[in-house]
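Asker: How does the following fold in three dimensions:
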Amino acid sequence: MIRPTTESARLLPWTGAEGKPCYLIGDGEGYVSRVADNVESVQLGMAADLLGHVEDLLSDRSATPEQLRYVVARLAESLREVHRVARSRGARLAVAAGDVV
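Answerer: Below is the predicted model:
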């Protein structure tokens, strides 16, 4: 007998070998899901901290081009992570609502 399931593929907030996306199949209640939730929370918190740092740096007229390039690189990394979190959460919301992803 085949049981209906609410399990879906979750895009995890980290990549695997060669930068390939990692997915978790499950109901969202297991250990790996909790670790992923924690990593997402840390990534979002770090993005908020980075924005504060960027605001400070942009208001500092003595900021060097090297400092600005460095912070832009960190912003790109952070934006990549936040975008991944948003895609993952959006996909899970669509599944929960019964939409096709």
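Asker: okay, CA-based contacts and neighbour counts for the rest of this
Answerer: OK.
Asker: What's the mean pLDDT across the helix or strand Asp56 falls within?
Answerer: Using DSSP states H and E, Asp56 falls within helix 31-59. Computed over helix 31-59, the mean pLDDT rounds to 95.
Asker: any idea how far Val72 is from Glu55?
Answerer: 12 Å (C-alpha to C-alpha, to the nearest Å).
Asker: Could you check which of those two has the larger neighbour count?
Answerer: Set Glu55 next to Val72 and count neighbours by other C-alpha atoms under 10 Å: Val72 wins out with 13 against 10.
Asker: Now do that one against Leu50, distance only.
Answerer: Counting by C-alpha to C-alpha, the gap from Val72 to Leu50 is 10 Å.
Asker: cool, and Gly19?
Answerer: From Gly19 over to Leu50 (counting by C-alpha to C-alpha), the distance is 23 Å.
Asker: Looking at these two, which one has more neighbours?
Answerer: Between Gly19 and Leu50, counting by other C-alpha under 10 Å, Leu50 is the more crowded of the two (16 against 8).
Asker: Contacts only, for that one.
Answerer: Arg74, Leu75 (C-alpha atoms under 8 Å, 6 or more residues apart in numbering).
Asker: switch the cut-off to 10 Å
Answerer: Neighbouring residues of Leu50 by C-alpha atoms under 10 Å, 6 or more residues apart in numbering: Leu44, Asp56, Val71, Arg74, Leu75, Ser78.
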